[in-house]
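> sequence and predicted model, in that order:
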Amino acid sequence: MGDTVNWEFLGQLFATGTGLAAVAKGLAWLNTKRAQRLRATGEAGVEYDKFMGAAMTRANEVNSGIRDDLIVERRIKSNLIDLVFDLVDALRNHGASAREVDPYLDRLDEIRADR
């Protein structure tokens, strides 16, 4: 047949019942494939939603645990800052000079800034 299309042959093929049945069968096959593809796409979407839902739930659980840990850590840090400040006051009450106490107060200010 070569590179040219034999239009007369194609016309005769479609004119016969066999040719029309073949075309109908081909169109039905394409339509079925499309439906299968759409169904597969829908199922994949449902599975993706399930996966993302589970992942977000887990991420929220982890973040909640981290937040709880940060609250405890901040509470401990705050208590330690208060303790150091009380110790600096005790040093002053026992006669420590400002030159001796100021470096500790400076470090305490740096720690407080990180709260």
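Yes, it's here.

> how many residues are close by residue 88?
When counting by other CB atoms under 10 Å, one arrives at 17 neighbours for residue 88. Every residue, glycine included, has its C-beta placed from N, CA and C.

> residue contacts, it?
Taking CB atoms under 8 Å, 6 or more residues apart in numbering, we find residue 88 in contact with 101, 104-105, 108.

> pLDDT of stretch 76-86, averaged?
The average pLDDT for stretch 76-86 rounds to 86.

> let me fix that: stretch 9-25
Averaging pLDDT along stretch 9-25 gives 69.

> which among the contacts of residue 88 count as buried?
When those are checked for burial by 16 or more other CB atoms under 10 Å, the buried set is residue 108.

> narrow the contacts of residue 88 to those in helices?
Mapping these onto helices (DSSP state H) picks out 101, 104-105, 108.

> format the residues you listed as TSV; extra columns: distance to residue 33 and pLDDT.
Output for the ones in helices among the contacts of residue 88, formatted as TSV (distance: CB to CB, whole Å; pLDDT from 0 to 100):
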residue	distance to residue 33	pLDDT
101	83	87
104	78	86
105	78	86
108	73	84
